[in-house]
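**Q** Predicted model and sequence follow; I will ask about them next.
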Amino acid sequence: MISTEPQWRQAADAIAGAQRILTVSHIAPDGDAIGSLLGMRSYLLSQGKEVTSAIDGGVPPELSFVPGSDAILPRINSGSFDVMIALDSSDRERTGSAGTYGMAHSRRVINLDHHPTNTGYGDIHLIVPTAVAATEIVFDFLFFLRWDLQPDAAYALLTGLVTDTQGFRISATSSRTLEIAQKLMAAGAPLSEIMANTLNRRTFAELALWRRALGSVRLDNGLVYAAITQEDVKQSGLGRPGDGGLVSYLVTLEEACVSVVFKELPNAEVEVSFRAKPGYDVASLALSLGGGGHKLASGCTLAGSLEAARARVLPLAHHVVADGKSKHS
Ligand code: AMP
Ligand code: MN
Ligand code: MN
């Protein structure tokens, strides 16, 4: 944190001198996207700022339990801002049209993120790749500002910490992660309620999708992969993005080093999700395919058919497995 200190001061000064602030996050938002945005928003409102928050498409219904999420607009096409803050977004494209609009209509842009693949867009960088969630960086920033954490902000921040660490299970979880969680709980965040609303909650449609997709699972030399077709999505009645956690589940197989799920999208694109066991790195793979993420969880979107995506990605994923294995031995 010490090396980034000048940036933290710059961000603090930019915010202090700003009146109109726009906060955005990434498209297809997850708990960390919503949580980091709302935690920051709470602070800004407490300082009397005029805050606008937008994420393309708005907050998905499964994340609307986070207090204050109803204030996030589904689009923005008017107004100008002193500062825009992008949270949990590794590149410009990930911020969607809300971010594109914001970058064109804000005097300064703060890029707050924890993805090692962050491209360094914007003017002020609060980028901490060792943070387990963007909400951890927001927590540290608000501590740096000596702000007394309010219960709603604590709720939002703990949501990001819980979802990005999969309930404190990923290998990057440290004693510090738990210390932050403890402080957030002490400030009023209900851990079990957040767990119940995120990791311990799924729909029948997601189960129906799994039932279909599991038939496609293959295991090949430490690589486990599956495909979801548009027909699977239609037949299961899945009304939300993602794979219902399938790719994360597949990497828990004892035999798996890396898991990949290919999901056919309606617009002749394929969403590819990667997960890895510690010691394997799927971040650079996703980056080389135009996406991004973390060593152990990453993704990208490819144009073309499911077949083309599989043919392109599987050999590269096998390389990742072989690379990790050679480092182990
Ligand atoms: P997912 O598999 O969608 O849960 O994403 C896992 C991780 O990869 C998250 O940290 C995402 O931010 C990142 N990610 C997924 N898709 C993309 C993409 N198209 N571009 C950049 N990062 C991505
Ligand atoms: Mn995210
Ligand atoms: Mn995140």
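**A** Done, it's in. Numbering: from 1, shown residues only. Ligands and ions are numbered 1, 2, ... in the order given.

**Q** can you pull out the strands in the stretch 1-150 of the chain?
**A** Listed in chain order, the strands of the stretch 1-150 of the chain (DSSP state E, counting those that start in this stretch) span 20-24, 50-54, 81-87, 106-113, 124-127.

**Q** how about the first one against ligand 2, any contact?
**A** Read it as strand 20-24. No. Counting by CB under 5 Å from the ion, ligand 2 has no neighbours in strand 20-24; the shortest distance is 12.5 Å. Just so you know, the C-beta spots here come from the backbone N, C-alpha and C atoms, and that holds for glycine as well.

**Q** Around the closest residue to ligand 2 within the stretch 51-200 of the chain, how many other residues sit close by?
**A** With CB to the ion as the measure, residue 88 is the residue of the stretch 51-200 of the chain nearest to ligand 2, at 4.4 Å. Close neighbours of residue 88, defined as other CB atoms under 10 Å, add up to 29.

**Q** contacting residues around the closest residue to residue 82 other than its chain neighbours?
**A** The shortest distance from residue 82 to any residue that is not its chain neighbour, by CB to CB, 6 or more residues apart in numbering, is 3.6 Å, and that residue is residue 18. In this structure, residue 18 makes contact with 49, 81, 82, 83, 108, judged by CB atoms under 8 Å, 6 or more residues apart in numbering.

**Q** try residue 227
**A** Contact analysis of residue 227 by CB under 8 Å, 6+ apart lists 213, 216, 261, 262, 263, 264, 306, 310.

**Q** Let's see that with 6 Å instead.
**A** Under the criterion of CB atoms under 6 Å, 6 or more residues apart in numbering, the neighbours of residue 227 are 216, 262, 306.

**Q** same thing with residue 255?
**A** Residues touching residue 255, when contacts are defined by CB under 6 Å, 6+ apart, comprise residue 219.

**Q** what do you get if the cut-off is 8 Å, keeping everything else the same?
**A** Contacts were defined as CB under 8 Å, 6+ apart; by that measure residue 255 touches 219, 222, 224.

**Q** got it, and residue 174?
**A** With contacts defined as CB under 8 Å, 6+ apart, residue 174 is in contact with residue 132.

**Q** Residue 137 contacts residue 111, doesn't it?
**A** No. Contact status for residue 137 versus residue 111: not in contact, 10.7 Å apart, counting by CB atoms under 8 Å.

**Q** which residues are common contacts for these two?
**A** Residues touching both residue 137 and residue 111 by CB under 8 Å, 6+ apart: residue 126.

**Q** for residue 226, which residues make a bridge with it?
**A** Judged by DSSP bridges, the bridge partners of residue 226 are residue 261.
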